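Participant: Just to be clear, the model below is a prediction. Sequence and coordinates:
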Amino acid sequence: MSSPAVANGKVYFGSGDGNVYAVDAQSGVALWKFATKDVVHASPAVANGLVYIGSWDSYLYALDADTGLEKWSFKSGEDPIIHNQVGFQSSPAVDGETLYVGCRDAHVYALDALTGKKKWDYPTNKSWVIGTPAVRDGVVYVGTSDSSRFMALDATNGRLRWDFPAKAYMFSSAALAGDLAYVGDHNGHLYAVDLKTGKLAWEFQTEASKKDPFKVLNGDGSLNQAAFAPLFNDFEDMYVDISRFASIGAIVSSPAVDHGVVYFGSMDGNLYALQ
């Protein structure tokens, strides 16, 4: 599930076997691997001669890009009871000497990219942070799961600048272009949010979301919790809930913007391009 990062002739990626790999970009020959203590679903970021990547073992690692040796690691929170609020799915964003990353322990972290020392953390009310933070002009933009928020945080101190009510789980990472942030939502909406004010500029809704055949949504676009099975009763319940999100075209993918067009995929099986 880890997307590869390519830098200086090497391809870096994480694996469900718990390892981080570096292979030669031309030949595919393995150069090194680093073992974490759990699966690695996050994608790496490469900067400062280091590979930054998180694992479900609750650690974020900084590895030497040439040798794979650990330079530092950062310990996030744990959840020993149900193992739900733990681990990194979010991929880090590096801006200069600061690394920004979300965590399933319900925090957004800013770390010194060279030492791993924590600069600040922002708590998200027991909500996972799955998407990769987007950073521009001293502001960090990121969404949350259960609290259904899209936030702008001050990159220096982590203070909240504005808070957009997304209404459903937000796993999508935002794309920044011009004066807007483009980000998807589990309710089948793609939002274009003003970067300065946090106000909605426009939104797109999938046809599946408009029809809502299983009445998954309330009238305001929020999730109808009565329509969902208990998420953590067993895996069958989770499969049923995933099918419900598919029925409304949930947008879990992260959009890309090019030449005035926004591209993104939906759980309704379509790839969209919006002007």
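Facilitator: Here it is on my side, so go on. Everything quoted here is computed from the prediction, not taken from an experiment.

Participant: hang on, Ser147 in a strand?
Facilitator: No: applying DSSP: H, G, I helix; E, B strand; the rest coil, one finds Ser147 to be coil, outside a strand.

Participant: got a list of what it touches?
Facilitator: Going by Cβ atoms under 8 Å, 6 or more residues apart in numbering, Ser147 touches 124-127. Where C-beta positions appear, they are placed from N, C-alpha and C, glycine not excepted.

Participant: Tell me how far it lies from Gly14.
Facilitator: Per Cβ to Cβ, to the nearest Å, Ser147 is found 27 Å from Gly14.

Participant: Below-threshold pLDDT in this structure: ranges please.
Facilitator: Within the chain, the ranges that satisfy pLDDT under 70 run 229-233.

Participant: what about the helices in it?
Facilitator: Ranges of helices within the chain are 207-211, 235-247, based on DSSP state H.

Participant: For Trp32, find the nearest of these.
Facilitator: helix 235-247 (34.6 Å; Cβ to Cβ).

Participant: from the chain's centre, how far out does that closest one sit?
Facilitator: Between the centre of helix 235-247 and the centre of its chain there are 20 Å (Cα atoms, centre = their mean, to the nearest Å).

Participant: what does stretch 250-259 give?
Facilitator: On the basis of Cα atoms, centre = their mean, stretch 250-259 is displaced by 13 Å from the centre of the chain it belongs to.

Participant: Only alpha carbons, please: show that stretch as PDB.
Facilitator: The C-alpha coordinates for stretch 250-259 follow below in PDB (Å, rounded to 0.1, in the frame of the first residue of the first chain):
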ATOM      1  CA  ALA A 250     -16.800   8.000  -1.400                       C
ATOM      2  CA  ILE A 251     -13.700  10.000  -2.400                       C
ATOM      3  CA  VAL A 252     -10.700   8.500  -0.600                       C
ATOM      4  CA  SER A 253      -8.200   9.200  -3.300                       C
ATOM      5  CA  SER A 254      -6.100  12.400  -3.200                       C
ATOM      6  CA  PRO A 255      -6.700  14.800  -6.100                       C
ATOM      7  CA  ALA A 256      -4.100  16.100  -8.500                       C
ATOM      8  CA  VAL A 257      -4.300  19.500 -10.200                       C
ATOM      9  CA  ASP A 258      -2.800  20.200 -13.600                       C
ATOM     10  CA  HIS A 259      -3.400  23.100 -16.000                       C
END
